[in-house]
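Q: structural data only, the sequence is not supplied:
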Ligand SMILES: Cc1cc2nc3c(=O)[nH]c(=O)nc-3n(C[C@H](O)[C@H](O)[C@H](O)COP(=O)(O)OP(=O)(O)OC[C@H]3O[C@@H](n4cnc5c(N)ncnc54)[C@H](O)[C@@H]3O)c2cc1C
Ligand SMILES: Cc1cc2nc3c(=O)[nH]c(=O)nc-3n(C[C@H](O)[C@H](O)[C@H](O)COP(=O)(O)OP(=O)(O)OC[C@H]3O[C@@H](n4cnc5c(N)ncnc54)[C@H](O)[C@@H]3O)c2cc1C
Ligand SMILES: Cc1cc2nc3c(=O)[nH]c(=O)nc-3n(C[C@H](O)[C@H](O)[C@H](O)COP(=O)(O)O)c2cc1C
Ligand SMILES: Cc1cc2nc3c(=O)[nH]c(=O)nc-3n(C[C@H](O)[C@H](O)[C@H](O)COP(=O)(O)O)c2cc1C
Ligand code: FES
Ligand code: FES
């Protein structure tokens, strides 16, 4: 069950001016959290009106023994800017763990495909999959040099990187969907996990074909409450009745992870 | 001329949980500020929406040489609470010096009557009056024990204190208007300066009689802009035409100090 | 004796805190976070047929407020009866259904059907939703249409009827009097203010549905004003809402003339808030020796007017 | 060439930033803080006779907004001509008078007299003040009354006429069309929303006049929505205002369909802001290679609608 709790920032690691990793002491959340779940947290003091709404972030890493969770944050607006400036020792009100995480299988080969900050929930997933003996391949698509820092958080899984704007670097230029296509044509994967911006999800979804049934997509949508109260955060999923019609489901409670053959783009 | 400037907090002296004294580096303001003028300052970051409006505070003390001003703050709501929690080194946006201060005469005897935090602007006034050889008597009316700390900021002028709720203390019980009446009946004063809550101002105003002409009242009113733009902060003053009719004048630009025979309660 | 209990016409609440429609799901999503139950829970707006609502994004932040354009996504009456009733059966407080329709007849049919359900204690008639094309706010901005819908609902209902007003009107008192005359037992107000936000990077409206309803602290002064105005012209009790988030806000709403107070946006932000408000209000009453909330309801009204 | 210059009908502004009536005094109080002049300065509302306005307190803070109940305190036409004209003579930008009256005739007389003054470049007709008993908002909430006042002003004016609309209406488009038809050259919108705040310690309204006008960031989503709606139904230019405080807000207002943008509450909080906004807008246009603001005005409107 998710809980509302006051947690405490232990460390804010500034990866660069775009990305930070927050280590947070939240034992109630760490205890039951699963890879792919998220927390909804209040930026600023309790009762803050600026920003007013809580912000959802995937759980990036879980350390159950120490009662820690880690969040990987990309600065995109007021809330993430303030978060990045927070200091060790500050308190944070948060609700979690929220939503349905990834459904892990304990065997075979897994392909993890991330677009940018979409890497956040895949780290804990990779840890758990490899611990249970699954062979993990990680693909990471990024936009520019600054994003490269994201590969370091996955270092131990030796991510393959592709970049939209490689600039002067020696990185390969292109989209992560190209990498994914290459992998899928050269090897069979039993489990495919995808997290990233919508256009990437959509492209991959089209491209997966018969692999859709083994795939899981972690979706994002603007959220109001994060706990199923407001119906702000919907995505399209297939109706149960087999008509092929879609319906709106709440990402926060029915997701954020959906089966590839269930979600409609 | 008043200026908009970024100033810096040098020290926050917590007198007790109700009162603090802020030392602020604001050389442009210190340079021209006069006793009885005020500053309007933004609590929180620039562009804060909570609180949205600037807050007016009397200039409590001026140190022209060091470019410092001092504010004496009573905690009454969101803004003053946040101010009290600010730390040395933090920046503050403020406009000042604002309004018309006291009109000082360089001779004779002066009676300074303060109600509670109304003592704030009277300190700099007392300093300047005594420097120019005026004999200064300070009366201070307070509500309770916690307010007693206000007398310490005036120590060198040996304020006479009277208290509404003396509790266990040995202080005299009563209103500052009683003290004032006693002083005025036992001695002649050439200058009378009053600052405090409205009921006190009103009572003194009625009681002063022929002394009104030598008296100056520092008024408070809720302010929007502090610089004459919005007409939020008006008080009643006599029409110039001698009809005895009143008109509304802006406290921020025509005051906060008004002549006793000009203001209408 | 319970100091906090209040009467809304025929409806009795154990305390005056209510969770507002659309911000507490169908009750069961919220109840795990509630340690003390609010006096009422108003369910997400229901329509006769299932609705998928508006395209996303459906929510945007504004200064001290939010815009939403959910568009009444809901399972429709049939699925509600089938799958949702049981989920709320165990919640031991007043459950209020919130209904919308394209036509008066749709409101009437919903009323008849919902009146039969043991789980439902009252019906709130939403004539004020700014996020749907037909019906919704159109009924709430015209006194004649408002009268028509509400009187039809009253006629078909065996439960207390609450009329929920829109603030997007020139004079809300006119609508309030119309629904009182139509037989509403209670007035609830306010629904959201129609608003909009533009993403300056793209030059496009932020919300998928372009406009949305503004709620949250930003609109509280408008809500307080409207409750204050309406309390002076109707005799039925008012459920006040709009930007309430703290005990102070609850008290302000009561003093403006509301008999009960709903929390919407604030519940979304902190699902435990309704419980905390009940507790804080109880503490406040104990401290101030208030034995009946009637003594503060309408305190700010012109003195002849105290309700 | 000046990239920032805009035309409001017959009125030409060097830039689209304007300071809103009631928040910049009679111009001379603000001008010491202005390093770059805004395209226009709208004077505090004038009436025929001197007015002392409402009792204090006249201002209160609300979440992301303020309530004011100044009540049109002003020196009246005679004193204005005598003592204030000279104080604004040196301010080298468009000076816009803002007028209010109890009757159509009062509006007409003010117009005639102000039209004769060389210092005045345009007349803004305030039919939307929520803080006075007679006239004011009453004219702005009824399309027939609005038409009547504005056409009379247009008839008597030799200067461009700006009609200032109230947001306290069910459908602002109806009023907008009425004033356009009455011959207004420009529409300005929005005035404040009627609101209220209660002091829970005393149980009394905070404002001396009980209710007041809500302005500031809190109302921006409502202002943006209304500008967006009106831009689709009128052909005359719009001065947009309501909660604008940053360059981003200015751009949002332009994209919603406003040709110029007023800053009110934000000027009160930071008197140097209008100048900074002009600078920031200039920088923005340079950076984005915008040579004419027309290219962003109305960007968010449905595509056939771009003005
Ligand atoms: C289930 C879920 C998990 C997420 N996990 C992470 C994570 O691990 N790390 C991370 O950095 N971010 C994550 N996000 C996105 C994160 O919630 C947003 O970036 C954040 O809320 C933006 O807040 P802000 O105040 O900085 O931006 P704002 O100023 O509110 O908005 C800036 C821009 O960010 C985008 N944005 C805002 N909210 C969302 C949202 N809910 N979803 C998508 N885009 C949004 C919009 O494009 C907006 O224009 C997740 C979102 C969801 C829904
Ligand atoms: C010219 C002038 C000089 C002042 N000098 C001082 C000073 O030297 N030291 C000091 O502590 N205070 C001074 N004040 C009062 C001070 O401005 C207010 O106490 C402060 O703005 C309250 O801010 P807040 O956010 O804490 O309170 P809020 O939460 O805004 O209000 C709390 C309560 O404070 C009172 N209040 C708010 N604003 C004002 C105001 N402008 N005037 C009077 N009462 C108000 C009201 O009763 C209100 O209910 C002065 C006011 C004026 C107009
Ligand atoms: C996300 C959301 C959904 C809403 N859905 C409904 C609804 O279905 N029916 C209804 O009558 N009101 C609905 N409302 C309006 C609220 O019930 C309430 O009237 C309004 O939000 C003002 O209160 P608040 O400021 O406390 O949120 C909704 C509000 C929000 C924010
Ligand atoms: C203190 C104050 C006084 C005002 N006086 C007037 C006025 O005299 N005439 C008028 O047309 N509008 C008046 N207004 C309305 C503003 O011009 C503006 O329309 C409104 O405040 C919305 O803009 P803002 O949110 O930028 O303040 C006043 C507003 C404030 C805050
Ligand atoms: S964010 Fe409220 S239902 Fe998902
Ligand atoms: S506070 Fe604005 S005129 Fe005095």
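A: Now that the structure is in, tell me what you want to look at. Quantities reported herein were computed from a predicted structural model and do not represent experimental measurements. Ligands and ions are numbered 1, 2, ... in the order given.

Q: my guess is residue C:97 is in a helix, correct?
A: No. Using DSSP: H, G, I helix; E, B strand; the rest coil, the assignment for residue C:97 is strand, not a helix.

Q: you'd agree it is up against residue C:124?
A: Yes. Using C-beta atoms under 8 Å, residue C:97 is in contact with residue C:124, at 6.8 Å. The C-beta positions use only the backbone N, C-alpha and C, and glycine is treated the same way.

Q: give me the common contacts of the two.
A: residue C:42 (C-beta atoms under 8 Å, 6 or more residues apart in numbering or on different chains).

Q: can you report how many residues lie near residue C:176?
A: By other C-beta atoms under 10 Å in any protein chain shown, the residues close to residue C:176 number 28.

Q: ugh, wrong one, I meant residue A:207
A: Neighbour tally, residue A:207, other C-beta under 10 Å: 14.

Q: isn't it up against residue A:177?
A: Yes. Between residue A:207 and residue A:177 there is a contact under C-beta under 8 Å: 6.1 Å.

Q: any idea whether the closest residue to chain C within the stretch 1-150 of chain A is helix, strand or coil?
A: Here the residue of the stretch 1-150 of chain A nearest chain C is residue A:49; by C-beta to the nearest C-beta that distance is 4.5 Å. Of the three states, residue A:49 takes coil according to three-state DSSP.

Q: show the contacting residues for the residue lying closest to it once chain neighbours are set aside.
A: Spatial nearest neighbour of residue A:49, excluding adjacent residues (C-beta to C-beta, 6 or more residues apart in numbering or on different chains): residue C:64 at 4.5 Å. Contact analysis of residue C:64 by C-beta under 8 Å, 6+ apart lists A:49-50, A:52, B:49-50, C:216-218, C:243, D:63-65, D:217-218.

Q: filter the residues you listed by proximity to ligand 3?
A: Filtering the contacts of residue C:64 for neighbours of ligand 3 using C-beta under 6 Å from any ligand atom leaves C:216, C:243.

Q: pull the number of nearby residues for the closest residue to residue C:228 other than its chain neighbours.
A: The spatial neighbour of residue C:228 that comes closest, neighbours along the chain excluded (C-beta to C-beta, 6+ apart), is residue C:256 at 4.5 Å. Residue C:256 has 28 neighbours, counted by other C-beta under 10 Å.

Q: and residue C:90, by the same measure?
A: For residue C:90, using other C-beta under 10 Å, the count is 10.

Q: please apply the same query to the one 3 residues further on.
A: Residue C:93: 22 surrounding residues under other C-beta under 10 Å.

Q: now residue C:9
A: 15.

Q: can I assume it is in contact with residue C:235?
A: No. Counting by C-beta under 8 Å, residue C:9 stays clear of residue C:235, with 10.2 Å between them.

Q: returning to that earlier point: now the residue nearest to residue A:49: phi and psi?
A: Dihedral angles of residue C:64 (phi, psi; degrees, to the nearest 10) stand at phi 60, psi 20.

Q: residues of the stretch 101-250 of chain A that sit close to ligand 6?
A: Within the stretch 101-250 of chain A, no position is adjacent to ligand 6 by C-beta under 6 Å from any ligand atom.

Q: quick one, helices of the stretch 101-250 of chain A?
A: For the stretch 101-250 of chain A, the helices defined by DSSP state H, counting those that start in this stretch cover A:120-131, A:149-152, A:176-186, A:198-208.

Q: sec struct for residue A:10, please.
A: Reduced to three states by three-state DSSP, residue A:10 is strand.

Q: name the helix or strand for the closest residue to it other than its chain neighbours, please.
A: Leaving out its chain neighbours, the residue that sits closest to residue A:10 by C-beta to C-beta, 6+ apart is residue A:23, at 4.4 Å. Element membership for residue A:23, per DSSP states H and E: strand A:19-25.

Q: from the contact counts, what lies against that strand?
A: On a contact count with 3 or more C-beta pairs under 8 Å, 6 or more residues apart in numbering or on different chains; DSSP states H and E, strand A:19-25 meets strand A:3-14, strand A:68-74, helix A:78-84.

Q: what do you get if the cut-off is 7 Å, keeping everything else the same?
A: Counting by 3 or more C-beta pairs under 7 Å, 6 or more residues apart in numbering or on different chains; DSSP states H and E, the packing neighbours recorded for strand A:19-25 are strand A:3-14, strand A:68-74.

Q: among those, which comes closest to ligand 6?
A: Of all these, it is strand A:3-14 that lies closest to ligand 6, at 39.8 Å by C-beta to the nearest ligand atom.

Q: what residues sit buried inside that closest one?
A: A:3-4, A:7, A:9, A:12 (16 or more other C-beta atoms under 10 Å in any protein chain shown).

Q: can you redo the residues you listed as a markdown table with distance to ligand 5 and pLDDT?
A: What follows is the buried residues of strand A:3-14, written out as a markdown table (distance: C-beta to the nearest ligand atom, whole Å; pLDDT from 0 to 100):
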| residue | distance to ligand 5 | pLDDT |
| --- | --- | --- |
| A:3 | 17 | 92 |
| A:4 | 15 | 94 |
| A:7 | 20 | 95 |
| A:9 | 24 | 96 |
| A:12 | 26 | 96 |
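
Q: surely the residue nearest to residue C:228 is in contact with residue C:229?
A: No. The criterion here is C-beta atoms under 7 Å, and residue C:256 misses it with residue C:229 at 9.2 Å.

Q: touching ligand 5 at all, stretch C:54-70?
A: No. Stretch C:54-70 is not in contact with ligand 5 by C-beta under 6 Å from any ligand atom; minimum separation 7.6 Å.

Q: which positions within that stretch qualify as buried?
A: The neighbour-count check on stretch C:54-70 (16+ other C-beta under 10 Å) flags C:54, C:56-70 as buried.

Q: and if you look at stretch C:188-205?
A: Within stretch C:188-205, judged by 16+ other C-beta under 10 Å, the buried ones are C:188-198, C:200, C:203, C:205.

Q: now stretch A:233-250: mean pLDDT?
A: If you average the pLDDT over stretch A:233-250, you get 91.

Q: how close does residue C:258 sit to residue C:21?
A: 16 Å (C-beta to C-beta, to the nearest Å).

Q: ok, the two, which is more surrounded?
A: Neighbours were counted for residue C:258 and for residue C:21 using other C-beta under 10 Å; residue C:258 has more, 31 against 26.
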